[in-house]
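Novice: I would like the atomic coordinates for the input below:
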Amino acid sequence: MNNIEAFILAGGASRRMGTDKSQLLIERQTFTERIAETLSQVVDSVALVGGSGSNFPRVADVYPQWGALGGIHAALAACKREWAIVVACDLPFVTAELFSFLAELRLDHDAVVPVQQDRRPQPLAALYRVDPCLQRATELIEAGRRRPLDLLDAVNTRWVEFDELTNLDQAERFFVNINTPSDYDEAIRGHSL
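Specialist: Okay, here's the model as predicted:
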């Protein structure tokens with residue numbers, strides 16, 4: 001795993017939440033701290049793209065206000081290794097086991113992307129090979145495109161179906177996405193703040 005760096009996307013307006021999602025608490029940790037601790041079990045370098053209020057190394061957007069694809073691009077542009085793990089700050093239940101498993105599937109691919117139980121791809125809990133993905137992300141952004149799925153359609157992507165993840169502990173919670181106050185209330189039920 002020494003050819004992988006990890007990046008947490010902590011930018012974004014958090015309009016539906018009404019407050020910075022990266023700083024929400026669960027079990028006395030911010031979402032960002034929780035995800036960083038998880039990633040630190042897999043890699044030795046974790047940085048934040050955007051966001052505020054934490055002590056992690058920061059990466060600035062190359063294309064500000066460009067949404068998720070802009071965040072992925074910033075991570076890839078800052079990455080000094082062959083691969084980057086990119087995770088959204090509003091996925092607090094991802095695990096080290098998930099990323100270890102995804103990393104095992106990298107061979108002969110440019111991206112490794114899990115697919116949620118509802119069949120939606122999850123490009124913000126994925127691995128990207130820097131060289132081909134950065135070049136293609138730059139081309140897409142300069143062409144006015146914003147969707148991470150456009151990037152994944154343009155490179156050799158290994159889609160990891162949810163059925164392949166079900167034997168991993170807590171798989172049903174990996175992609176619980178916290179976007180609204182009610183999402184947060186439901187997610188923290190049974191957890192301490």
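Novice: What mean pLDDT does stretch 66-83 get?
Specialist: For stretch 66-83, the mean pLDDT works out to 96.
Novice: how far does that stretch sit from the chain's center?
Specialist: Taking C-alpha atoms, centre = their mean, to the nearest Å, one finds stretch 66-83 lying 10 Å from the centre of the chain it belongs to.
Novice: Counting neighbours, which bits of it end up buried?
Specialist: Neighbour-count burial for stretch 66-83, with 16 or more other C-beta atoms under 10 Å as criterion, is recorded at 66-79, 83. No exception for glycine: its C-beta is placed from N, CA and C like everyone else's.
Novice: How about stretch 138-150?
Specialist: 140, 141, 145, 148, 150.
Novice: So the residue most central in space within the chain: helix, strand or coil?
Specialist: The residue lying closest to the centre of the chain (C-alpha atoms, centre = their mean) is residue 87, at 1.3 Å. When classified by DSSP: H, G, I helix; E, B strand; the rest coil, residue 87 comes out as strand.
Novice: how about low-confidence regions in this protein?
Specialist: 12-16, 18, 52-54, 190-193 (pLDDT under 70).
Novice: Residue 148 against residue 68, yeah?
Specialist: Yes. With contacts counted by C-beta atoms under 8 Å, residue 148 reaches residue 68, the gap being 5.1 Å.
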